[in-house]
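> Build me a model:
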Amino acid sequence: MEYENREHWRSETVSFMALASIKGVGFWTLHRIAKAGVSFKSVLKTASIEEFEKLLSISAQVNDHSWETYQQNLWDVGLDKTRELAKNGVNIFFKGQQGFPLKLSIIADAPYWVFIQGNPQNLFNKAVAVVGSRKVTDDGIFLTKMVVSALAFKDIVNVSGLASGIDQVAHVESIRYGIPTIAVLGTGINNDYPRGSEILRSEILKAGGTVISEYLPDQTYSAQTFVRRNRLQAALADTLIPTEWAIKSGTAHTVEFAYSCYFVIISRNKYFVNIIRVKCCKYRP
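This is a model prediction of the structure:
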């Protein structure tokens, strides 16, 4: 039974990567299929090209190949891409599969799959998200460093978004204090964004941290991908701490998505730091 279960998810992974390789098939096409409860293997193994094209809303480029040869070639591409990810320490987990983060499975708009690099256990541990603006001030940096230092030796994971500014400060300080840190990407897991973040990302992984994304491996960024990314940051965290942010910003979206039990507001003036712990009005369903 366990072997059959492993084989099922392996087939789903290879089929998913195969379908993702087809020109014209992107994130939202695969999202629609998953939402309909259709397995990716069943799409790849459809009996006819007509049914295949209907399911994917594309025109398949079979050329001179038979339908069976086309399907086999796609499977081989999916297998190669799956192996390439594994070589880089990346695994795909689908919703309903053992290993899929529980915190992500119970939110209203749960992802149907996630790509995980590094230590997957961090995604199941108690976590605090420290997030904020890309345009930082000295006060924002000070508050971020103070908050992260308070998490040391508490068996708590830090969550942030690898973005320039507050997010990168939170990751760097987590590594400094030996706190496992999770970077939630707004791009595919093969992309290094923002430019230059690959060095920090490597340090996160070396320190026992985790990188996670729901986007296709080579998918680039957009305003929408970052907004949707923020709901995963909020879901993974038991407490959300925005240390510096604007009312209209990406961090504001994370606050909106917050499903944590507590939302912490921090402010600082010349003489002291105020920390206000507020019961959050949104809970995991």
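
> which SSE is residue 159 in?
Applying DSSP states H and E as the criterion places residue 159 in strand 157-160.

> other SSEs contacting that strand?
strand 127-132, helix 166-176, strand 181-184, helix 223-236 (3 or more Cβ pairs under 8 Å, 6 or more residues apart in numbering; DSSP states H and E). Placement of C-beta: from N, CA and C, glycine included.

> who wins for proximity to residue 138 among the ones you listed?
helix 166-176 (11.4 Å; Cβ to Cβ).

> which other residues reach the closest one?
130-134, 136, 140-141, 144-145, 147-149, 151, 158, 160-162, 179-181, 183, 197, 200, 203-204, 207, 209, 243-245, 251 (Cβ atoms under 8 Å, 6 or more residues apart in numbering).

> So which of the helices and strands packed on strand 157-160 is the most surrounded?
Of all these, strand 181-184 has the most neighbours on average by mean count of other Cβ atoms under 10 Å, namely a mean of 29.

> Return the distance of that one from the chain's centre.
Its chain's C-alpha centre and that of strand 181-184 lie 9 Å apart, by Cα atoms, centre = their mean, to the nearest Å.

> helix or strand right after that strand?
Following strand 181-184 in sequence, per DSSP H and E, is helix 197-206.

> report the angle between the axes of that following helix and helix 166-176?
40 degrees (axes from the mean of the first three to the mean of the last three Cα atoms, to 10 degrees).

> same for helix 197-206, what does it pack against?
strand 113-118, helix 166-176, strand 181-184, strand 210-213.

> and residue 47, which of those is closest to it?
Per Cβ to Cβ, nearest to residue 47 of the helices and strands packed on helix 197-206: strand 113-118, 25.3 Å.

> Can you give me the buried ones in stretch 138-146?
140, 141, 142, 143, 144, 145 (16 or more other Cβ atoms under 10 Å).

> Any idea which helix or strand in this structure has the lowest mean pLDDT?
strand 273-279 (a mean of 44; mean pLDDT, DSSP states H and E).

> Sheet partners, orientation included, of the strand holding residue 159?
Here strand 157-160 is paired, per DSSP bridges, with strand 127-132 (parallel), strand 181-184 (parallel).

> picking up where we left off before, quick one: the helices and strands packed on helix 197-206 as a markdown table, columns for mean pLDDT too.
Below are the helices and strands packed on helix 197-206 laid out as a markdown table (pLDDT from 0 to 100):
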| stretch | mean pLDDT |
| --- | --- |
| strand 113-118 | 98 |
| helix 166-176 | 97 |
| strand 181-184 | 98 |
| strand 210-213 | 98 |
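
> Longest helix in this structure, please.
Counting by DSSP state H, the longest helix found in the chain is helix 67-87.

> Please find the angle between the direction vectors of the following helix or strand past that helix and helix 67-87.
Remark: after helix 67-87, the chain's next helix or strand is strand 90-94, criterion DSSP H and E. Using the same axes, to 10 degrees, the inter-axis angle of strand 90-94 relative to helix 67-87 is 120 degrees.

> got the CA coordinates for strand 90-94 in PDB?
What follows is strand 90-94, C-alpha atoms only, in PDB (Å, rounded to 0.1, in the frame of the first residue of the first chain):
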ATOM      1  CA  VAL A  90      13.800  20.400  -4.600                       C
ATOM      2  CA  ASN A  91      10.800  18.300  -4.000                       C
ATOM      3  CA  ILE A  92       7.100  18.800  -5.000                       C
ATOM      4  CA  PHE A  93       4.400  18.000  -2.600                       C
ATOM      5  CA  PHE A  94       0.700  18.000  -3.600                       C
END
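
> For that strand, list every residue counted as buried.
90, 92, 93, 94.

> Looking at those residues, spot the one nearest residue 33.
Nearest member of the buried residues of strand 90-94 to residue 33, counting by Cβ to Cβ, is residue 94, at 11.9 Å.
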